[in-house]
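Colleague: missing the sequence, but the structure's below:
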């Protein structure tokens with residue numbers, strides 16, 4: 001079997017073992033998540049408030065271990081044009097802050113899809129633990 005087939009097989013041999021599903025508030029974009037103050041880059045007040053909101057909603061969750069996949073259904077707060085990838089940083093960092101995962105580097109697969117507009121916006125997440133057979 002060639003290298004390409006071995007790589008393909010490795011990807012197909014991932015199997016779901018555990019799962020978390022939750023609806024969270026709409027995250028701040030990467031454009032508003034960071035602030036530069038006196039030469040230091042810090043998480044903005046909006047970013048810190050978002051992390052706390054996620055932490056409150058996921059209180060008591062056991063951190064998922066190992067390699068993970070996340071599926072995100074993004075329900076924007078309005079019809080403005082948005083780059084969906086701009087919400088990933090705050091969302092994934094907040095999952096780490098809330099101890100739902102150990103670190104966002106655990107994600108081997110990230111899927112995000114835009115859905116209908118809902119008041120105040122929301123993201124539905126499904127985190128799946130993967131195990132290589």
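Modeller: Thanks, I have it. Everything quoted here is computed from the prediction, not taken from an experiment. Numbering: from 1, shown residues only.

Colleague: can you pull out the helices in the chain?
Modeller: 3-12, 30-33, 45-57, 88-97 (DSSP state H).

Colleague: Out of the ones you listed, which is the most enclosed?
Modeller: Comparing the helices of the chain by mean neighbour count (mean count of other C-beta atoms under 10 Å), helix 88-97 comes out on top with a mean of 22. Where C-beta positions appear, they are placed from N, C-alpha and C, glycine not excepted.

Colleague: Between helix 45-57 and that one, find me the angle.
Modeller: Here helix 88-97 runs at an angle of 40 degrees relative to helix 45-57 (axes from the mean of the first three to the mean of the last three C-alpha atoms, to 10 degrees).

Colleague: Can you give the contact residues for helix 88-97?
Modeller: Around helix 88-97, the neighbours that count as contacts under C-beta atoms under 8 Å, 6 or more residues apart in numbering are 24, 27-30, 33, 47, 50-51, 54-55, 58, 70, 72, 101-104, 107, 110, 112, 123, 125, 127.

Colleague: mind running it again at 6 Å?
Modeller: By C-beta atoms under 6 Å, 6 or more residues apart in numbering, the surrounding residues in contact with helix 88-97 are 27, 28, 30, 33, 47, 50, 51, 54, 55, 101, 103, 104.

Colleague: How far off centre is that helix?
Modeller: Computed by C-alpha atoms, centre = their mean, to the nearest Å, the separation of helix 88-97 from the middle of its chain amounts to 6 Å.

Colleague: Ends of stretch 50-66, what's the gap?
Modeller: End-to-end distance of stretch 50-66 (C-alpha to C-alpha, to the nearest Å): 25 Å.

Colleague: Kindly apply the preceding question to stretch 31-50 instead.
Modeller: Taking C-alpha to C-alpha, the first and last residues of stretch 31-50 lie 14 Å apart.

Colleague: Would you mind confirming that residue 58 is in contact with residue 125?
Modeller: No: the pair residue 58 / residue 125 is not scored as a contact, 10.0 Å apart, by C-beta atoms under 6 Å.
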